[in-house]
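Peer 1: show me the folded form of this:
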Amino acid sequence: MKNRPVVVGLGSIQQTGNFSDLDEALILMEQVTKAAIQDSTNNNITQYIDEVQVPKGYWKYRDPGKWIAKRNGFSHAETSVTKIGVLQQNLINSACNKIITEKIRASLIVGGEARYKKIRALIEDKEYIETELSNNPDHYVKAKDDLHIKQEEEHLGLMAVGYYAILETALRAQKNLSIDEHKKYLGKMYSEFSKIAAANPGGWSKNDLSWQDIAMVNKKNTLQALPYNKFHCTSWNVNQASAMLLCSEEIADELNIPQFKRIYPLASSETNHMIAAIQRPNPIKPIGLKLAAEYILNICHKNNIKPNTYELYSCFPVAVQMFAEALHLQDNEKLTVTGGMSFAGGPLNNYMIHSTIKMLGDIRRTPSKIGLVTGVSGMMTKQAFALWAKDPLINFSSKDVTSDAATLEQPVDISNLDEGTGLIIGYTVLPKNHKEEEKAVIYIEDTNGDRKVLISYDKDTLKKMGEEEWVGKSIKFKGDYLV
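Peer 2: Numbering: from 1, shown residues only. Presented below is the predicted three-dimensional model:
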């Protein structure tokens, strides 16, 4: 393959400790950039880096890529910041395709977070000062549409946990699990994740948790959105950063980069078909996910490629399960190499880069491994798959299945009924906070087949929702309220 893309440099860092031991995100991103350059074994790679892609984090820098590029010898590189709502795998796919078409020679993808330093600043009563970078990047990359609709945002806000919790109850009902069976099922899955994270040098948590630790609500494991406790949810208060360098195989040869450093992208797929969770015909079986998974599975089948190590995106348990189902994986499969976002750490809008780099490091150490990494953007809105190996088993190919998915899957209309009956298709209970009392948020389908978001503050209803299955129940509503 002419201009075959290959990863030649990896960098990853994690910091713990007190405020004075920690760096801001910009410094972390520069450190992993330097590490990736050094890891490639030839510093002259910097002469070929024509772009720097940075997924936007929980920081205010306008263009961290240009700052890093100027300080490290590739100031000619164009820079971009990719905002939340765009798949992180899209950065890798974009770099690979630009290398193949000779638009660029090499690409640096780097991201990082320093929320833990901000937490330590609050705890230690320190002032957190972030370097000010006020110049815009050459390109901003952002999603075309919103990730949710007004009715959802009014009752669930902008935090993802409530949306995912509703999807989880829909999946629980599909699996025909009782409330107690479901608690144990999620607890056992995430107990295994905690063990993997504890053994992972780059894992944030070193606690080996039992399934009861994860299922039980207490001061350390508070309810976030029924059925999710804190240990079910991504942990983004971390100091972590990762970077990867991609170039063409010809440049890797020219620079004499050793074969043992090279990892090849084999195939990738993504879906950017955006339908709000409430409007998805089947909330837990989006067509885009199915098509993107099938693209990868068909490539594997046609070329006798057998993935044997997985990193399924794990912002919340329902994402792991939906990916596992799409890939026809069994419950006893090892579904993560990092330990997942709850325990390995989930830096905002950077985790798939972080987890991919962990996967690529594993493949370097064990060349027989063929890795499959998945990613998500939004409220399980968009999905991506990537297949990696030590050798270029096939020519790299990628597909965006968005248009196919849009043809096959149309959003369900929002109900215009102010009063009536309907069937519950998913629900959650949100705990009391400083703004609002404990409440249930319920997705229903009305008698016309349209969708509606309802709420309830009734204490007896909220209690029962945690004790028995409400998905599939027929209910009455008036306005936005369950009655």
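
Peer 1: tell me which residues touch the residue positioned nearest the centre of the chain, please.
Peer 2: Against the mean C-alpha coordinate of the chain, by C-alpha atoms, centre = their mean, the closest residue is residue 376 at 4.3 Å. Neighbouring residues of residue 376 by C-beta atoms under 8 Å, 6 or more residues apart in numbering: 87, 313, 315, 319, 382-384. Bear in mind the C-beta positions are built from the backbone N, C-alpha and C, glycine included.

Peer 1: once you drop chain neighbours, what's closest to it?
Peer 2: Spatial nearest neighbour of residue 376, chain neighbours left out: residue 313 (4.6 Å); criterion: C-beta to C-beta, 6 or more residues apart in numbering.

Peer 1: and the one you found, what does it touch?
Peer 2: Per C-beta under 8 Å, 6+ apart, neighbours of residue 313: 319-320, 323, 341, 351-352, 355, 374-376, 383.

Peer 1: what about this structure, any weak spots by pLDDT?
Peer 2: Counting by pLDDT under 70, the chain contains no low-confidence residues.

Peer 1: 80 instead?
Peer 2: Scanning the chain for pLDDT under 80 picks out 1, 144-148, 331-332, 434.

Peer 1: can you spell out which helices and strands pack onto the lengthiest helix in it?
Peer 2: Longest helix in the chain, counting residues (DSSP state H): helix 179-199. Counting contacts by 3 or more C-beta pairs under 8 Å, 6 or more residues apart in numbering; DSSP states H and E, helix 179-199 is packed against helix 211-215, helix 317-326, helix 340-343.

Peer 1: at 6 Å what do you get?
Peer 2: helix 211-215, helix 340-343 (3 or more C-beta pairs under 6 Å, 6 or more residues apart in numbering; DSSP states H and E).

Peer 1: for the stretch 101-250 of the chain, what spans make up the helices?
Peer 2: 115-124, 150-156, 161-174, 179-199, 211-215, 249-254 (DSSP state H, counting those that start in this stretch).

Peer 1: coming back round to it: and the longest helix of the chain, C-alpha only, in PDB?
Peer 2: C-alpha atoms of helix 179-199 as PDB (Å, rounded to 0.1, in the frame of the first residue of the first chain):
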ATOM      1  CA  ILE A 179     -33.400  -5.600  39.800                       C
ATOM      2  CA  ASP A 180     -31.200  -7.800  42.100                       C
ATOM      3  CA  GLU A 181     -29.900  -9.900  39.200                       C
ATOM      4  CA  HIS A 182     -29.000  -6.700  37.300                       C
ATOM      5  CA  LYS A 183     -27.100  -5.200  40.300                       C
ATOM      6  CA  LYS A 184     -25.100  -8.300  40.600                       C
ATOM      7  CA  TYR A 185     -24.400  -8.500  36.900                       C
ATOM      8  CA  LEU A 186     -23.100  -5.000  36.700                       C
ATOM      9  CA  GLY A 187     -21.200  -5.400  39.900                       C
ATOM     10  CA  LYS A 188     -19.400  -8.500  38.700                       C
ATOM     11  CA  MET A 189     -18.500  -6.900  35.400                       C
ATOM     12  CA  TYR A 190     -17.100  -3.800  37.000                       C
ATOM     13  CA  SER A 191     -15.400  -5.800  39.800                       C
ATOM     14  CA  GLU A 192     -13.300  -7.400  37.000                       C
ATOM     15  CA  PHE A 193     -12.600  -4.000  35.500                       C
ATOM     16  CA  SER A 194     -11.400  -2.700  38.900                       C
ATOM     17  CA  LYS A 195      -8.900  -5.700  39.100                       C
ATOM     18  CA  ILE A 196      -7.600  -4.900  35.600                       C
ATOM     19  CA  ALA A 197      -7.100  -1.200  36.500                       C
ATOM     20  CA  ALA A 198      -5.400  -2.100  39.700                       C
ATOM     21  CA  ALA A 199      -2.800  -4.100  37.800                       C
END
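
Peer 1: would you map the strands across the stretch 251-400 of the chain?
Peer 2: 264-271, 309-311, 370-377, 382-389, 397-400 (DSSP state E, counting those that start in this stretch).

Peer 1: what's the spacing between the second one and its chain's center?
Peer 2: Per C-alpha atoms, centre = their mean, to the nearest Å, the displacement of strand 309-311 from the mean C-alpha position of its chain is 14 Å.

Peer 1: likewise the first one?
Peer 2: Counting by C-alpha atoms, centre = their mean, strand 264-271 is centred 16 Å from the centre of its parent chain.

Peer 1: ditto for the last one
Peer 2: Per C-alpha atoms, centre = their mean, the displacement of strand 397-400 from the mean C-alpha position of its chain is 19 Å.

Peer 1: same for it, what does it pack against?
Peer 2: Against strand 397-400 (3+ C-beta pairs under 6 Å, 6+ apart) you get strand 264-271.

Peer 1: again, only using 8 Å
Peer 2: helix 89-100, strand 264-271, helix 287-302.
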